[in-house]
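# Here is my input, please return the structure:
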Amino acid sequence: MNKHQLKKVHYGNDSQQFAHLYTPSHKEKLTAVVIVIHGGYWKDNHTLETYATSAIVDYLQGFNVAIWNLEYRRMDSVGDNIKAPWPATFKDIAAGIDMLQHISLEEGLDLSRILLIGHSAGGHLATWAASRAKISPSSPLFSPQALAIRNVISISGILDLTAADDLEQPQQIHRLMGGTPKDFPERYQACNPSDLPAMHLNLTLVHGELDTCVKIAQLKRYKEQTSQDIKQISIPNADHFSMLPHEGNWQESHWVVIKQLIADEIDALA
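Below you'll find the predicted structure:
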C-alpha cells in the first residue's frame, strides 16, 4: 500500500470548514485527485472521520492518488437549522472543492483528473457540485470560476430534493433548504441535481434495492428527469449502508462492488 501524508487544510474560518488532504509520499508527476464527501442527512451527527465513507478514504490510500476528504458546516441534529442555514452547506462544498485551485501547484495536483465520490447526502452534494455550471447566474450559488469536474460516483445519493417522501426523514430536506419547493422554488432549482442536468458528466449512480433511508426511486427519478446517459448500478439485497464497512451491518460482497468501481474509475483517470 502506498504511504500517504496527511495535512489538514482550512478553506474558511469556521471550525468545520476544512479538508483532510492525503498525498502519496512518492510521486513522479502531477497526481490525480479523488474528492470524498460524507453523508448523514446534512446533519452534524457525523464527521468525515466517523462516517462510513472513511472506509473509502482508507481504500484510496492504496492508489497513487491524492485524496481530498471534505468537511463542511452541517445542521443541528434536531430543532431549527440555525447552525448551517441555507446556503451555508452548499457554499462550503463549493468553496472546499474550489480550494483545490489554490493549492494544486504547491501540492502537485492534476485538476484535469478528478473523481468525486459521495454517499447519501454526500452523493447529493457530489452530484450537485459537479453540476454547478448549470446553476442560474442569478443564484447566490453561481460561480463562473467553479472547478470543472467530470467524473462522479454517487452512492445511495439523494438526487431529487423535490421528492422528499422518498426519504425516511423527509423533513431534513426542508430543514436544509429552509422550506419547501413551494416556499423557495429558486433555491431548489439551484440545489437540486435533477434540475441541473450536466450532460458532460461521467456519472455513476449506485443504489441498493432494499434501501429504505433513501429509496431507489431517487435514482430512477434522476434518470427520467434529466434524460442523461448515466451508468446505473442497482445492488440486490443491499440497503443504505451495507455497501460500506462500518460498525453496523454491512456486506463484504457489496463492498467489493464499490471497490471495483472505484478502482476502474481511477484506472480511467491514468
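# Could you pull out the strands in the stretch 101-250 of the chain for me?
Remark: strands assigned in the stretch 101-250 of the chain by DSSP state E, counting those that start in this stretch are 109-119, 151-155, 202-208, 231-235.
# hang on, residue 32 is in a strand, isn't it?
Yes. Residue 32 forms part of a strand when assessed by DSSP: H, G, I helix; E, B strand; the rest coil.
# what bits of the stretch 1-150 of the chain have low per-residue confidence?
Applying pLDDT under 70 to the stretch 1-150 of the chain flags residues 1-2, 27-28.
# how about the helices of it, start to end?
Along the stretch 1-150 of the chain, counting by DSSP state H, counting those that start in this stretch, helices occupy 54-60, 88-98, 100-107, 121-129.
# Please work out the angle formed by the directions of the last one and strand 202-208.
Think helix 121-129. If you take axes from the mean of the first three to the mean of the last three Cα atoms, to 10 degrees, helix 121-129 sits at 160 degrees to strand 202-208.
# contact partners of helix 121-129?
With contacts defined as Cβ atoms under 8 Å, 6 or more residues apart in numbering, helix 121-129 is touched by 35-42, 51, 53, 72, 89-90, 93-94, 97, 116-118, 149, 152-159, 161, 191-193, 196, 203. Using the backbone N, CA and C atoms, a C-beta is placed for each residue, glycine as well.
# just the angle between it and strand 109-119, please?
Using the same axes, to 10 degrees: helix 121-129 against strand 109-119 is 130 degrees.
# chain center to helix 121-129: distance?
Mean-position distance between helix 121-129 and its chain equals 4 Å (Cα atoms, centre = their mean, to the nearest Å).
# As PDB, could you dump the C-alpha coordinates of it?
Below are the C-alpha coordinates for helix 121-129, written out as PDB (Å, rounded to 0.1, in the frame of the first residue of the first chain):
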ATOM      1  CA  ALA A 121     -26.400  13.400   1.400                       C
ATOM      2  CA  GLY A 122     -22.800  13.300   0.300                       C
ATOM      3  CA  GLY A 123     -24.000  11.800  -3.000                       C
ATOM      4  CA  HIS A 124     -26.400  14.600  -3.400                       C
ATOM      5  CA  LEU A 125     -23.700  17.200  -2.700                       C
ATOM      6  CA  ALA A 126     -21.200  15.500  -5.000                       C
ATOM      7  CA  THR A 127     -23.600  15.300  -8.000                       C
ATOM      8  CA  TRP A 128     -24.700  18.900  -7.300                       C
ATOM      9  CA  ALA A 129     -21.100  20.200  -7.100                       C
END
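# which residues touch the top helix by length along the chain?
As assigned by DSSP state H, the longest helix anywhere in the chain is helix 252-269. By Cβ under 8 Å, 6+ apart, the surrounding residues in contact with helix 252-269 are 32, 34, 55-56, 59-60, 63, 65, 113-115, 117, 151, 153, 155, 204, 206, 208, 233, 235, 238, 242-245.
# please redo it, this time with the cut-off set to 6 Å
Helix 252-269 is contacted by residues 32, 63, 113, 115, 235, 238, 242-243, 245 when judged by Cβ atoms under 6 Å, 6 or more residues apart in numbering.
# For those residues, which two are the farthest from each other?
Using Cβ to Cβ, the two most remote members of the contacts of helix 252-269 are 113 and 242, lying 30.1 Å apart.
# Neighbour count: the two, which is higher?
residue 242 (22 against 19; other Cβ atoms under 10 Å).
# Can you tell me how far that one is from residue 141?
Here residue 242 is placed at a distance of 33 Å from residue 141 (Cβ to Cβ, to the nearest Å).
# Repeat that for residue 31.
Using Cβ to Cβ, residue 31 is found at 29 Å from residue 141.
# cool, residue 90 as well?
In this view, residue 90 and residue 141 are 5 Å apart by Cβ to Cβ.
# Neighbour count: those two, which is higher?
Legend: neighbour count by other Cβ under 10 Å for residue 90 and residue 141, higher for residue 90 (26 against 18).
# Could you export the contacts of helix 252-269 as a markdown table, including distance to residue 132?
Formatted as a markdown table, those follow (distance: Cβ to Cβ, whole Å):
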| residue | distance to residue 132 |
| --- | --- |
| 32 | 21 |
| 63 | 26 |
| 113 | 19 |
| 115 | 17 |
| 235 | 29 |
| 238 | 29 |
| 242 | 31 |
| 243 | 26 |
| 245 | 31 |
